[in-house]
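> Sequence and predicted structure, then a few things I'm wondering about:
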Amino acid sequence: MIPINKPQMDEAEVQAVIEVMRKGPVTNALGAGPKVLEFEKLFAEFAGVKHAVAVNTGTAALHSAVMAVGVKRDDEVIVPSFTFVATAEAVVLAGAKPVFTDIDPQTYNLSPAAVEKNITKRTKAILPVDLYGFSADIKPLREIAQKHNIALLEDAAQAHGTTYAGKPAGSFSDAACWSLYASKNIMTGEGGVVTTNEDNIDEKLRMIRTHGEKAKYASEMMGSNYRMPELEAAIGIVQIKKLPSFIAKRRENAQILTKILTKSKKLILPYETKTCQHSWYLYTARIKDGTEAQRNKLIEDLKAKGIGAEAYYVNPINTMHFYRNNYGANALPETEKAAKQVFSLPVHPGVTKEDATCIAETLLSLL
């Protein structure tokens, strides 16, 4: 089976962990051990920003960022529903209301026009997702945020290597949140990072990740235990140095798939533009005018032939029991349609050229 995702590790990561185990420290009370500090420096350089704050999960990154920009109880935050639940979860954890908003049918990311319609007096922030590794249309979202004097956050969990207007994803937001989960373009097993150019946000993030403390046993604000262990940071240091080669391989595999799959008129394929360059976290295609049953059958047939295709976000967040009951089930037609038609194919660095060719040709034959 060619899995949909596979962590890329070798002896370098193993030795990095062993070094920490032998020499220590394993963690730091304020989350600022030597490996964490080194990893943060490397990540900030990669992301093209002043600050990077390492935490223990991508969800912790989201929750910390939402808190750091001042989102409080009864505030509203505009989010997509076509994404992983953590995006909305972070808003709810801060006591605020997620306002589920429809997507652009071509990019699967938040529609700026739909966002503008959902702005109210209670809106405190906009939180788009760079879904599948393709940047949300940040420029118009930035303009909306500035017009209404609200924060622009960015869920960049899948966007390591993504660029927008020639700059890394997250560069145009008040803060961007990254996941380092095992399936991501780089990983630390679990883990996350928040990046920002704002000194005041950076200061709050560092307190939030360690119980609101600026100094030990001196909490100045509400926080939690979101520290990244030194073991994770040691892996991250090795991984981030490999990221350019990982992205190059993902891009190569995506190009192979696209070249072959353009022969089919039954698919809508992912793409890039001059403004937005993909990280190819996932290669997500769409069955043109297809039904959910057709999509699901195609995935089953691909798996039967050893190809680990998957359909992500088949249940949009606003349709899930907790969110539907507490925040309403407003109609999101583009979201609902995409959830029934899209599917993703493996393009990770473990996929060889021969694998990529096999994946595409097998899909063509099944279509």
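Nice, I can see it. In this text, all values refer to a predicted model and were calculated from it rather than measured experimentally.

> who's in contact with stretch 41-51?
40, 52, 54, 160, 167-171, 176, 178, 193, 195-199, 201-202, 205, 236-237, 240-241, 243 (Cβ atoms under 8 Å, 6 or more residues apart in numbering). Every C-beta, even on glycine, is put in place using the N, C-alpha and C of the backbone.

> Output that stretch in PDB with nothing but the alpha carbons.
The C-alpha trace of stretch 41-51 is given here as PDB (Å, rounded to 0.1, in the frame of the first residue of the first chain):
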ATOM      1  CA  LYS A  41      15.100  30.600  15.400                       C
ATOM      2  CA  LEU A  42      15.200  28.300  12.400                       C
ATOM      3  CA  PHE A  43      11.500  28.300  12.000                       C
ATOM      4  CA  ALA A  44      11.200  32.100  12.100                       C
ATOM      5  CA  GLU A  45      13.900  32.300   9.400                       C
ATOM      6  CA  PHE A  46      12.000  29.800   7.300                       C
ATOM      7  CA  ALA A  47       8.700  31.600   7.800                       C
ATOM      8  CA  GLY A  48      10.200  35.000   7.100                       C
ATOM      9  CA  VAL A  49       9.000  36.600  10.300                       C
ATOM     10  CA  LYS A  50      10.500  38.000  13.500                       C
ATOM     11  CA  HIS A  51       9.100  35.500  16.000                       C
END
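
> That one: how far from the chain's middle?
17 Å (Cα atoms, centre = their mean, to the nearest Å).

> now swap in stretch 177-191 and tell me
The answer for stretch 177-191 is 9 Å, by Cα atoms, centre = their mean.

> could you dump it to PDB, C-alpha only?
C-alpha atoms of stretch 177-191 as PDB (Å, rounded to 0.1, in the frame of the first residue of the first chain):
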ATOM      1  CA  CYS A 177      -0.400  28.600  13.300                       C
ATOM      2  CA  TRP A 178       1.500  25.600  12.100                       C
ATOM      3  CA  SER A 179       1.200  21.900  12.900                       C
ATOM      4  CA  LEU A 180       4.100  19.500  13.300                       C
ATOM      5  CA  TYR A 181       1.900  16.400  13.500                       C
ATOM      6  CA  ALA A 182       3.400  13.200  12.100                       C
ATOM      7  CA  SER A 183       1.700  13.500   8.700                       C
ATOM      8  CA  LYS A 184       2.700  17.100   8.000                       C
ATOM      9  CA  ASN A 185       5.400  18.300   5.500                       C
ATOM     10  CA  ILE A 186       7.800  18.400   8.500                       C
ATOM     11  CA  MET A 187       7.000  16.800  11.800                       C
ATOM     12  CA  THR A 188       8.100  16.400  15.400                       C
ATOM     13  CA  GLY A 189       5.600  13.600  16.200                       C
ATOM     14  CA  GLU A 190       3.200  16.100  17.700                       C
ATOM     15  CA  GLY A 191       4.000  19.800  18.000                       C
END
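
> Mind listing what's buried along it?
Neighbour-count burial for stretch 177-191, counted by 16 or more other Cβ atoms under 10 Å, picks out 177-181, 184-191.

> Now for these: which two are most distant?
By the measure Cβ to Cβ, C177 and G189 form the most distant pair in the buried residues of stretch 177-191, at 17.7 Å.

> ok, of the buried residues of stretch 177-191, which one's closest to S81?
Ranked by distance to S81 (Cβ to Cβ), the buried residues of stretch 177-191 are led by C177 at 17.7 Å.

> is it true that the closest one lies in a strand?
Yes - according to DSSP: H, G, I helix; E, B strand; the rest coil, C177 belongs to a strand.

> Just give the nearest non-adjacent residue to it, would you?
Once flanking residues are discounted, C177 sits nearest to A61: 4.0 Å by Cβ to Cβ, 6 or more residues apart in numbering.

> do the same with D202
Once flanking residues are discounted, D202 sits nearest to H51: 3.9 Å by Cβ to Cβ, 6+ apart.

> Number of residues surrounding V194?
Using other Cβ atoms under 10 Å, V194 has 33 other residues around it.

> tell me the contacts of P229?
Per Cβ under 8 Å, 6+ apart, neighbours of P229: V26, T27, N56.

> Backbone dihedrals for the first one, please?
The phi and psi values for V26, taken as degrees, to the nearest 10, are phi -80, psi -30.

> E230 is in contact with that one, correct?
Yes - if you go by Cβ atoms under 8 Å, V26 and E230 touch, sitting 5.6 Å apart.

> Walk me through the domains of this protein.
Domain assignment for the chain, taken from automatic domain parsing, gives 11-238, 243-366.

> M1 is nearest to which of these?
Nearest to M1, of all the domains of the chain, is domain 243-366, at 5.1 Å by Cβ to Cβ.

> tell me the mean pLDDT over the closest one?
Mean pLDDT, computed over domain 243-366, is 97.

> And the helix or strand hosting K214, what's buried?
Assigned by DSSP states H and E, K214 falls within strand 213-215. Buried residues in strand 213-215, counted by 16+ other Cβ under 10 Å: E213.

> So which elements touch it?
helix 199-208 (3 or more Cβ pairs under 8 Å, 6 or more residues apart in numbering; DSSP states H and E).
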